[in-house]
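In: Next one to model:
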Amino acid sequence: MKKIISTNKAPQAIGTYSQGIILNDLLFTSGQIGIDPTTGNIVSGGIDKEVTQVLKNIENLLIAAGVDKSSVIKLTVFLKDLNDFSIINKKFEQFFKGYTYPARSTVEVSRLPMDALVEIECIALTS
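Out: Just a heads-up that it's a prediction; the model follows:
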């Protein structure tokens, strides 16, 4: 059975999609960009601040689904500039400290919604 995940602690959808969906034992999040859910704007400060906000948004979706970051099995990262890959690695080391790293794919893209510098989608186990 499919269950919609929604929280006001992550950005509301800016299009025709859900923040997250649970199907069977898997949570699929929509791609998260560095939007501060309280303002609806992308955080300022560049890639470092955006990645931090994206990971907060993902963590809040995980919490809304009743799980934590230990449940993350796969992340897909879309970067405006692949030269920022080392920043992503550093932020993931901090975010997943003490946890097993998930599988990951990273690709460079020409443009992201709201001219974000990074977008990350997540797949996690819910049981």
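In: ok, which stretches of this protein are strands?
Out: With DSSP state E as the criterion, the chain has strands at 2-5, 20-23, 26-29, 35-36, 41-42, 72-79, 103-108, 118-125.
In: Need these in CSV (columns: mean neighbour count, mean pLDDT and distance to residue 86).
Out: Placement of C-beta: from N, CA and C, glycine included. Shown next, in CSV, are the strands of the chain (neighbours: other Cβ atoms under 10 Å; pLDDT from 0 to 100; distance: least, Cβ to Cβ, whole Å):
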stretch, mean neighbour count, mean pLDDT, distance to residue 86
strand 2-5, 12, 96, 31
strand 20-23, 18, 98, 28
strand 26-29, 20, 98, 24
strand 35-36, 18, 98, 24
strand 41-42, 16, 98, 21
strand 72-79, 19, 98, 11
strand 103-108, 12, 98, 11
strand 118-125, 21, 98, 13
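In: need those strands in CSV with distance to residue 66, can you?
Out: Shown next, in CSV, are the strands of the chain (distance: least, Cβ to Cβ, whole Å):
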stretch, distance to residue 66
strand 2-5, 9
strand 20-23, 9
strand 26-29, 9
strand 35-36, 23
strand 41-42, 28
strand 72-79, 14
strand 103-108, 22
strand 118-125, 10
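In: Which of those sits closest to residue 63?
Out: When the strands of the chain are compared by Cβ to Cβ, strand 2-5 sits nearest residue 63, at 9.9 Å.
In: ok, back up a step: among the strands of the chain, single out whichever gets nearest to residue 58.
Out: Of all the strands of the chain, the one in closest proximity to residue 58, counting by Cβ to Cβ, is strand 118-125 (5.1 Å).
In: and that closest one, what other elements does it pack with?
Out: Applying 3 or more Cβ pairs under 8 Å, 6 or more residues apart in numbering; DSSP states H and E, one finds that strand 118-125 contacts strand 26-29, helix 47-64, strand 72-79.
In: Among these, which comes closest to residue 41?
Out: Among the helices and strands packed on strand 118-125, helix 47-64 comes nearest to residue 41, with 10.3 Å by Cβ to Cβ.
In: Can you give me the buried ones in that closest one?
Out: For helix 47-64, burial by neighbour count (16 or more other Cβ atoms under 10 Å) applies to 47, 50-62, 64.
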